[in-house]
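[1] Test case, fold it:
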Amino acid sequence: SCGVLPTMCCVRGRMVALSLLLSLHVGRSLDLTWLPEDPDGPLPYSKSYRDKLRTLCDLIEVPGRNLGPDVEQARPKLQKMCRKLRKDDARQKGPSFGLGRLQLRPLRQFLLLCVGCGLAFAAYKFGWLDTALIALGVEPGLLEGDAAVDLDEVRQARLRRFAEHED
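    Here you go, the predicted structure:
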């Protein structure tokens with residue numbers, strides 16, 4: 001009932017034809033000149049390079065997809081580089097410490113900063129820092145008065161020395 005060219009009439013046929021055309025276009029338009037000759041060397045840190053490589057890795061991981069003779073010839077090298085990129089990406093995310101995908105949004109970062117500043121101010125204002133230092137065995141006088149006395153002694157010695165040179 002679709003007529004002479006069933007792929008042009010039927011919706012399913014149109015989708016198949018479109019996907020074939022797109023895969024042929026992608027296979028012909030892939031330029032691999034930006035890839036390094038040595039796949040064993042370090043990957044460049046350029047964001048655009050890594051984004052291009054991620055896209056290419058996604059394309060070559062689809063089974064049965066024909067991406068052209070250049071890509072098929074470079075497939076082992078590309079697979080090696082894709083493994084290296086995945087390892088680098090996993091390393092950059094760092095250890096999870098059980099938090100997994102927890103990422104702080106800017107509002108949460110701001111709120112945590114405010115809470116931290118509030119706690120630091122309270123520790124200073126109410127003497128929590130001195131209490132903690134005493135518990136650790138540090139004498140609180142070392143942090144307050146003794147340093148001021150030493151500065152006064154140094155200042156007086158300097159004034160005496162200048163007075164001696166003026167005579």
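[2] C-alpha from now on. contacts and neighbour counts both.
    OK.
[3] For the lengthiest helix in the chain, list every residue counted as buried.
    The longest helix of the chain (DSSP state H) is helix 69-93. Within helix 69-93, the residues that count as buried by 16 or more other C-alpha atoms under 10 Å are 71, 75, 77-79, 81-82, 84-85.
[4] Alpha carbons of the strand or helix carrying Ala120, as PDB, please.
    Assessed by DSSP states H and E, Ala120 sits inside helix 106-125. Output of helix 106-125 as PDB, limited to C-alpha atoms (Å, rounded to 0.1, in the frame of the first residue of the first chain):
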ATOM      1  CA  PRO A 106      26.700  26.700  45.300                       C
ATOM      2  CA  LEU A 107      23.900  27.400  47.900                       C
ATOM      3  CA  ARG A 108      25.100  24.500  50.100                       C
ATOM      4  CA  GLN A 109      28.700  25.700  49.700                       C
ATOM      5  CA  PHE A 110      27.600  29.200  50.900                       C
ATOM      6  CA  LEU A 111      25.600  27.800  53.800                       C
ATOM      7  CA  LEU A 112      28.500  25.600  54.900                       C
ATOM      8  CA  LEU A 113      30.900  28.600  54.700                       C
ATOM      9  CA  CYS A 114      28.500  30.600  56.900                       C
ATOM     10  CA  VAL A 115      28.200  27.800  59.400                       C
ATOM     11  CA  GLY A 116      32.000  27.400  59.500                       C
ATOM     12  CA  CYS A 117      32.500  31.200  60.000                       C
ATOM     13  CA  GLY A 118      29.800  31.200  62.700                       C
ATOM     14  CA  LEU A 119      31.500  28.400  64.600                       C
ATOM     15  CA  ALA A 120      34.900  30.100  64.300                       C
ATOM     16  CA  PHE A 121      33.500  33.400  65.700                       C
ATOM     17  CA  ALA A 122      31.700  31.500  68.500                       C
ATOM     18  CA  ALA A 123      34.900  29.700  69.300                       C
ATOM     19  CA  TYR A 124      36.800  33.000  69.500                       C
ATOM     20  CA  LYS A 125      34.100  35.000  71.300                       C
END
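[5] tell me the average confidence for it?
    Mean pLDDT, helix 106-125: 87.
[6] got a list of contacts for it?
    Residues external to helix 106-125 that are found in contact with it (C-alpha atoms under 8 Å, 6 or more residues apart in numbering): 128-129.
[7] what does stretch 43-53 give?
    81-82, 84-85.
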